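Novice: Show me how the following folds:
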Amino acid sequence: MNQDEQSQAEADIAEVARLVAEGKQVTDPELLRRIRQRSDALRREMLRTQGLTDIAVDLVRESRDEG
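Specialist: Presented below is the predicted three-dimensional model:
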């Protein structure tokens, strides 16, 4: 992520935080598009570098063993 992209991501995070603090929903279609685009890119990168990780099954099994 270059400096401009980083700045935009930080501005988007600040805007989402502001809206949440005011009890409002995020409705700006451009903001939502950028968030989805970055999320998808991060998900693809994680799959590429880490593969599919299925921690939920292990967590459920551990929680059953504790009870």
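Novice: The residue nearest in space to the middle of the chain: which element?
Specialist: Geometric centre of the chain, nearest residue: residue 39, 5.3 Å, by C-alpha atoms, centre = their mean. Here residue 39, judged by DSSP states H and E, is contained in helix 29-50.
Novice: And residue 8, by the same measure?
Specialist: helix 3-21.
Novice: pLDDT averaged over that helix - what is it?
Specialist: Averaging pLDDT along helix 3-21 gives 96.
Novice: May I see the buried residues of that helix?
Specialist: residue 12 (16 or more other C-beta atoms under 10 Å). In this view, the C-beta of every residue, glycine as well, is placed from N, C-alpha and C.
Novice: distance between it and the chain's centre?
Specialist: Relative to its chain's centre, helix 3-21 lies at 13 Å (C-alpha atoms, centre = their mean, to the nearest Å).
Novice: Can you give the contact residues for that helix?
Specialist: Helix 3-21 is contacted from outside by 1, 25-26, 28, 31, 34-35, 38, using C-beta atoms under 8 Å, 6 or more residues apart in numbering.
Novice: How about stretch 32-43?
Specialist: By C-beta under 8 Å, 6+ apart, stretch 32-43 touches 8-9, 12, 16, 26.
Novice: In terms of pLDDT, where does residue 66 sit?
Specialist: 71.
Novice: Could you dump the contacts of helix 3-21 into a markdown table with neighbour count and distance to residue 56 added?
Specialist: Shown next, in a markdown table, are these (neighbours: other C-beta atoms under 10 Å; distance: C-beta to C-beta, whole Å):
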| residue | neighbour count | distance to residue 56 |
| --- | --- | --- |
| 1 | 11 | 28 |
| 25 | 7 | 28 |
| 26 | 13 | 27 |
| 28 | 13 | 32 |
| 31 | 15 | 30 |
| 34 | 16 | 28 |
| 35 | 17 | 24 |
| 38 | 15 | 24 |
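Novice: Would you point out the most distant pair within those?
Specialist: Taking C-beta to C-beta as the measure, the contacts of helix 3-21 span a maximum distance of 26.2 Å, between 1 and 25.
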